[in-house]
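Peer 1: got a predicted model here, sequence first, then my questions.
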Amino acid sequence: MTEPRLYIIMREDLWDMNPGKGMAQAAHAQALFDAYDFAANDCLEQYCEWRGDGEDCLGFGVTLVLSAPRSEWMDISLNVCHYGYVEDPTYPWKNYYGKTFITSEDTCMWVFATTEEEIEYMKKFPLHA
């Protein structure tokens, strides 16, 4: 049986994304992942395995943060069963002149890979630096 993995895919093409914003957005992805209806989507057993239910409860399984431009997210969603997007309605960014703007942006997505094929597919994306 394949050990399920959580992937958080950070946009590499988003203006003014810095490490602090990236960590905040990854936390949003984790929160949305935890709110996902695993029972209704036939992956409750894999989620419980990932979470570490039982006597060796660790509280979480393997999580990897990867990097991909927004243009590749559709392809990702077509190759995995369980995923979600993080849309930040108040994403702050500055232009070249230092003027701050607030826009709604898709900042990252989460993918819960439960099969060997899905895990193999996700290997094509680099770790987020």
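Peer 2: Received the coordinates, thanks. Numbers count the residues shown, from 1 in each chain.
Peer 1: which of the residues in the worst-scoring helix or strand of the chain on mean pLDDT are classified as buried?
Peer 2: The least trusted helix or strand in the chain, going by mean pLDDT, DSSP states H and E, turns out to be helix 44-51, with a mean of 89. The neighbour-count check on helix 44-51 (16 or more other Cβ atoms under 10 Å) flags 46, 47, 49, 50, 51 as buried. (C-beta placed from N, C-alpha, C; glycine too.)
Peer 1: remind me what it packs against, helices and strands.
Peer 2: Packing partners of helix 44-51 (3 or more Cβ pairs under 8 Å, 6 or more residues apart in numbering; DSSP states H and E): strand 100-113.
Peer 1: what's the very next helix or strand once past the strand it packs on in contact with?
Peer 2: Using DSSP states H and E, the helix or strand that follows strand 100-113 towards the C-terminus is helix 116-122. Residues outside helix 116-122 that contact it (Cβ atoms under 8 Å, 6 or more residues apart in numbering): 2, 5, 7, 64, 66, 76, 79, 80, 81, 111, 113.
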